[in-house]
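**Student:** The following block contains a protein sequence and its predicted model.
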Amino acid sequence: MKNRWFVVLGALIIQISLGAVYIWSVFQTPLLHHFPSWRETQVTWPAQIILAFFALAVIIGGRIQDKIGPKPVALAGGLMLGTGLILSKFTANFPPSTALFWLIITYSVLGGLGIGAAYVCPIATCIKWFPDKRGLITGLAVAGFGAGAFFFAPLARGLIEGEYYQLLGRNLFRLPAVGLFNTFLVLGIIFLITITAGAMFLKNPEPGYQPVGWNPSANPDQSILSSNQKANFTPAQMFRTWQFWSLWAAYLFGCAAGLMIIMKASPLWQSLALSRLSLGIDGSQFHQISSAGALTVSIIAIFNSLGRLIWGKISDLAGRKQALLAIFLICSLTMLSLPGLTRFSFFLSGLSLIGLCFGGFLAVFPAITADFFGTKHYGANYGYMFSAYGVGGIIGPYLAAALMKTTAIIHIQEFDKAGQSIKKSIIVGNYNQAFWIAGLFCLLAALAILFLKKPSLRT
């Protein structure tokens, strides 16, 4: 390939599509309206399970792409994700208990496997093309993933309600009202097309490739890499190092905190806004709150994406360990402060800062995995490291749902097209306990990183 930046272009196309996994909170309230018998913890299951299968597929996809290359694995991932979302359309055809099972199998299991298979390919490919900019390029490669919610959260909300497509609160164009379940269908078709297009750009460099003019030993910022250049750990060798388990635990704690916020962003804002209103509001008031919820998801997505670029570059300049220490301390202090940020502007700022830190995790951990354990088995090695994300994706949203304390039930008065009155009920929750636990998680992760040092390969 004459220009290695074409690989980055393909990576961004794929990752923006895959990043739609973070828009689940936009679906949560409409699903509770359609299935009023579902509980808060039940409607959170699809979000938890898709993250778990996402992480599992990164392990499987990483091993396969190490052997056969990134393009076919990315294509298979796009096919699985698109098919899973298309099949999710039929959730409405089942009774509530069966519908939840169907949604989990299609959206979460099949979709999660597709996301994981496609996700690992751009990262592993970019790592090999850019050994000279490892932190920056991993940040850039996954920045699209963080940005996906920015574009797709307002698209999903607009298609569900037949409202304008909004970016940063500005109405751009009106979308057709396709409804909740047809929105899954539309997104599935989009992802089939975009991921297939992005996969066409993915190709590994020739063995022994180095960028023109790059001399790792001459750059002190690459000291870890140069001293460990030939230390390519197999997964079995990596598992025998305490550094892997220390990094894995820290990654888990960081992801649990970040995904608690990202996967519940819209209902977090709704609870904050509704807690200040009377017990009965009309549909127009709730529409404004719902719009702000989707905007919240989009703003967090911006900071999530920026965090991958900013912290990736910082880790190149200051070192991975120093960058991770800063990220975990900032995230911890912010999580512990959230219960006191009662004004929406302050609360949104806190959520955005957590999104910025979460983006940093997704940029620095891929880079430090390559630094510590080499690139020969990188697809498999980072797949195992990334399993911490899957466990964190189960723990974080679960804690938010399980520890939520119901403070009120708000009744919403709406009218259908025939003028008939419709009443809906929304639960207002307090998530403070979950915030405190997540803050402590990040403090523990900072301690784990503090004692981190480079492993030695023992044959």
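**Tutor:** Right, received. Where do you want to start?

**Student:** All the strands of the protein, residue numbers only.
**Tutor:** Taking DSSP state E as the test, the strands found in the chain are 164-167, 170-174, 280-282, 405-415, 421-430.

**Student:** For those strands, which has the smallest mean pLDDT value?
**Tutor:** Among these, strand 280-282 carries the lowest mean pLDDT, a mean of 62.

**Student:** Now do the same contact list for the closest residue in space to residue 158 that isn't next to it in sequence.
**Tutor:** Nearest residue to residue 158, sequence neighbours excluded (Cβ to Cβ, 6 or more residues apart in numbering): residue 175, at 3.8 Å. No exception for glycine: its C-beta is placed from N, CA and C like everyone else's. If you count contacts by Cβ atoms under 8 Å, 6 or more residues apart in numbering, residue 175 has them with 155, 158-159, 162-165.

**Student:** and what of residue 332?
**Tutor:** Taking Cβ under 8 Å, 6+ apart, we find residue 332 in contact with 439-443, 446.

**Student:** can you list the residues you listed in JSON lines and add pLDDT and distance to residue 193?
**Tutor:** Compiled in JSON lines, these are given as follows (pLDDT from 0 to 100; distance: Cβ to Cβ, whole Å):
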{"residue": "439", "pLDDT": "93", "distance to residue 193": "41"}
{"residue": "440", "pLDDT": "94", "distance to residue 193": "43"}
{"residue": "441", "pLDDT": "92", "distance to residue 193": "38"}
{"residue": "442", "pLDDT": "95", "distance to residue 193": "38"}
{"residue": "443", "pLDDT": "95", "distance to residue 193": "44"}
{"residue": "446", "pLDDT": "95", "distance to residue 193": "42"}
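
**Student:** Low-confidence regions, the stretch 1-150 of the chain specifically.
**Tutor:** Low-confidence segments of the stretch 1-150 of the chain, defined by pLDDT under 70: 1-2.

**Student:** quick one: the helices in it?
**Tutor:** 5-18, 24-34, 40-68, 70-88, 96-103, 111-129, 134-161 (DSSP state H, counting those that start in this stretch).

**Student:** Looking at those helices, spot the one closest to residue 377.
**Tutor:** With Cβ to Cβ as the criterion, residue 377 lies closest to helix 40-68 of the helices of the stretch 1-150 of the chain, at 6.5 Å.

**Student:** Return the distance of that closest one from the chain's centre.
**Tutor:** 11 Å (Cα atoms, centre = their mean, to the nearest Å).

**Student:** likewise stretch 305-320?
**Tutor:** 17 Å.

**Student:** Report the buried residues of that stretch.
**Tutor:** 305-316, 319-320 (16 or more other Cβ atoms under 10 Å).

**Student:** Go ahead and confirm residue 450 touches residue 326.
**Tutor:** No. Counting by Cβ atoms under 8 Å, residue 450 sits too far from residue 326 to count as a contact (11.7 Å).

**Student:** quick one, which of the helices of the stretch 1-150 of the chain is packed in tightest?
**Tutor:** helix 111-129 (a mean of 28; mean count of other Cβ atoms under 10 Å).

**Student:** and that one, what other elements does it pack with?
**Tutor:** Under the contact definition 3 or more Cβ pairs under 8 Å, 6 or more residues apart in numbering; DSSP states H and E, helix 111-129 sits against helix 5-18, helix 40-68, helix 70-88, helix 134-161, helix 180-199, helix 344-373, helix 378-402.

**Student:** that older thread, mind putting the contacts of residue 332 in TSV, distance to residue 73 and neighbour count included?
**Tutor:** What follows is those, written out as TSV (distance: Cβ to Cβ, whole Å; neighbours: other Cβ atoms under 10 Å):
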residue	distance to residue 73	neighbour count
439	37	19
440	38	14
441	32	27
442	33	27
443	37	16
446	35	21
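
**Student:** which among the residues you listed gets closest to residue 391?
**Tutor:** Closest to residue 391, out of all of the contacts of residue 332 and judged by Cβ to Cβ, is residue 441, at 11.9 Å.

**Student:** Looking at the chain, which helix is longest?
**Tutor:** Ranked by residue count and defined by DSSP state H, the top helix of the chain is helix 283-318.

**Student:** helices or strands up against that helix?
**Tutor:** Helix 283-318 packs on helix 24-34, helix 134-161, strand 164-167, helix 242-262, helix 265-274, helix 320-337, helix 344-373, strand 405-415, going by 3+ Cβ pairs under 8 Å, 6+ apart.

**Student:** Nearest residue to residue 122 in space, ignoring adjacent ones along the chain?
**Tutor:** Among residues not flanking residue 122 along the chain, residue 11 sits closest, at 3.3 Å (Cβ to Cβ, 6+ apart).

**Student:** Grab the two from the buried residues of stretch 305-320 that are most spread out in space.
**Tutor:** 305 and 319 (22.8 Å).

**Student:** Okay, and the beta partners of residue 164?
**Tutor:** With DSSP bridges as the criterion, residue 164 is bridged to residue 174.

**Student:** Can you mark which positions in stretch 197-208 are buried?
**Tutor:** 198-199, 201-205.

**Student:** got the end-to-end distance for it?
**Tutor:** 28 Å (Cα to Cα, to the nearest Å).

**Student:** chain center to that stretch: distance?
**Tutor:** 24 Å.

**Student:** residues in contact with the residue nearest to residue 453 when sequence neighbours are not counted?
**Tutor:** With sequence-adjacent residues excluded and distances taken as Cβ to Cβ, 6+ apart, residue 453 is closest to residue 243, at 7.2 Å. Residues in contact with residue 243 (Cβ under 8 Å, 6+ apart) are 372, 452-455.

**Student:** Sort out for me which of those are in helices.
**Tutor:** Those of those lying in helices (DSSP H): residue 372.

**Student:** how about TSV for the contacts of residue 243, with distance to residue 124 added?
**Tutor:** Below are those laid out as TSV (distance: Cβ to Cβ, whole Å):
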residue	distance to residue 124
372	16
452	23
453	25
454	21
455	20
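
**Student:** Now rank the contacts of residue 243 by neighbours and give me the top one.
**Tutor:** Within the contacts of residue 243, neighbour counts (other Cβ atoms under 10 Å) peak at residue 372, which reaches 25 neighbours.

**Student:** Hmm, residue 454 and that residue touching each other?
**Tutor:** Yes. Between residue 372 and residue 454 there is a contact under Cβ under 8 Å: 6.0 Å.

**Student:** how deep is the residue lying closest to residue 341 once chain neighbours are set aside tucked in, by neighbour count?
**Tutor:** Nearest non-adjacent residue to residue 341, counting by Cβ to Cβ, 6+ apart: residue 347, 4.5 Å away. Per other Cβ under 10 Å, the neighbour tally for residue 347 reads 19.

**Student:** please begin residue numbering at 43 from this point
**Tutor:** New numbering, starting at 43: the last item is residue 389.

**Student:** Give the full set of residues in contact with residue 389.
**Tutor:** 311, 314, 380, 383.

**Student:** right, and the last one touches residue 392 too?
**Tutor:** So the one you mean is residue 383. Yes. The pair residue 383 / residue 392 is scored as a contact, 4.9 Å apart, by Cβ under 8 Å.

**Student:** coming back round to it: export the helices and strands packed on helix 325-360 as a markdown table, with columns for distance to residue 278.
**Tutor:** Converted to a markdown table, the helices and strands packed on helix 325-360 look like this (distance: least, Cβ to Cβ, whole Å):
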| stretch | distance to residue 278 |
| --- | --- |
| helix 66-76 | 35 |
| helix 176-203 | 24 |
| strand 206-209 | 47 |
| helix 284-304 | 11 |
| helix 307-316 | 39 |
| helix 362-379 | 23 |
| helix 386-415 | 11 |
| strand 447-457 | 45 |
